[in-house]
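> just need the structure, nothing else, for what follows:
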Amino acid sequence: MRLALGVEYMGTNFNGWQIQKTKTRTVQQVVEYALSKIANHPVRVFCSGRTDTGVHAIEQIIHFDTKTHRENNAWLFGGNINLPCDVNFKWVKKVDDNFHARFDAYSRKYHYKIYNSPTRSAIKSAHFLWEPIKLDITAMKKSTKYLIGKHDFSAFRSSKCQAKSPIKTIKFININQNDNEILLEIEADAFLHHMVRNIVGTLIKIGKKEKDPKWIKQVLDSKQRKLAGVTAKPQGLYFVKSSYKEL
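As a prediction, the model looks like this:
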């Protein structure tokens, strides 16, 4: 039997999603522990998109296989009892045995949050990137049009990226501001390692009026990571959801 779950987590105190050889605290580690307790056997889970240290998830999708039969509520509430307070199962559903959380996802969506204020916030420091310089949101919005569609995103790719191809398709990028809070929404068929954070770092240079909105097209066309902005810090990044035909 194959089950899919929606997982929410605050990544602040995790060393990313994936289990590490050093046995440091990861989301996968605590999730597999919780599910193994309910299944009464070791469980291995697969996720829709691995997240880095400090990155959060509103609804990470995972799946796992088991021969243990339980009601959905037993997996859900029993699993949550065995999870730490910074991870939570949101729902559970039986899926087809061929379903795969990673390979069946046809799109993925992220949010990036910026706290744009001259003074920092003690409350928001773990959930937003703090940017003290006033950002020009209009200029940032203008620049995003150059990223929409199918492109080679090598300029926004980490040197550690293991993706077979840098060609990805961005469906949309929205930027909205509410007082001192800026929210960037981005959806694509898939993302390269650090792609969202590198795009945000590049947009911030434009927002700070260090570069013209058209500059981002030059960066994109160059396919050179060194020409883009710095990698934005992880605490502002949220994996929002992945989309499937089955779920």
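
> excluding chain neighbours, what is closest to Asn40?
The shortest distance from Asn40 to any non-neighbouring residue, by C-beta to C-beta, 6 or more residues apart in numbering, is to Thr68 (6.1 Å). No exception for glycine: its C-beta is placed from N, CA and C like everyone else's.

> distance of the one you found from Leu5?
15 Å (C-beta to C-beta, to the nearest Å).

> okay, those two: which has more neighbours?
The residue with more neighbours, out of Thr68 and Leu5, is Leu5; 24 against 14, by other C-beta atoms under 10 Å.

> related to what we said a few turns ago, ok, the residue nearest to Asn40 touching Pro42?
No: Thr68 is beyond contact range of Pro42, at 11.5 Å (criterion: C-beta atoms under 8 Å).

> domain map for this protein?
The chain is divided into the following domains under automatic domain parsing: 2-95, 107-243.

> for Ala101, which of these is the nearest?
domain 2-95 (4.5 Å; C-beta to C-beta).

> just the endpoints, please. Distance across that closest one?
For domain 2-95, the first-to-last residue distance is 6 Å (C-alpha to C-alpha, to the nearest Å).

> can you pull the phi and psi angles for the closest residue to Asp136 other than its chain neighbours?
Using C-beta to C-beta, 6+ apart and skipping residues adjacent in sequence, the residue nearest Asp136 is Gly207, 5.2 Å away. Main-chain torsions, Gly207, degrees, to the nearest 10: phi -60, psi -30.

> specify the residue positioned farthest from the middle of the protein.
The centre of the chain is farthest from one residue, His69, which by C-alpha atoms, centre = their mean lies 31.4 Å away.

> doesn't that one fall inside a strand?
No: His69: not assigned to a strand; according to DSSP: H, G, I helix; E, B strand; the rest coil it is coil.

> so how far is Lys141 from it?
51 Å.

> low-confidence ranges in the chain?
Counting by pLDDT under 70, the chain contains no low-confidence range.

> contacts for the helix or strand hosting Val219, please.
If you go by DSSP states H and E, Val219 is part of helix 215-222. Under the criterion C-beta atoms under 8 Å, 6 or more residues apart in numbering, residues 143-144, 146-147, 151-153, 155-156, 202-203, 205-206, 227-228 lie in contact with helix 215-222.
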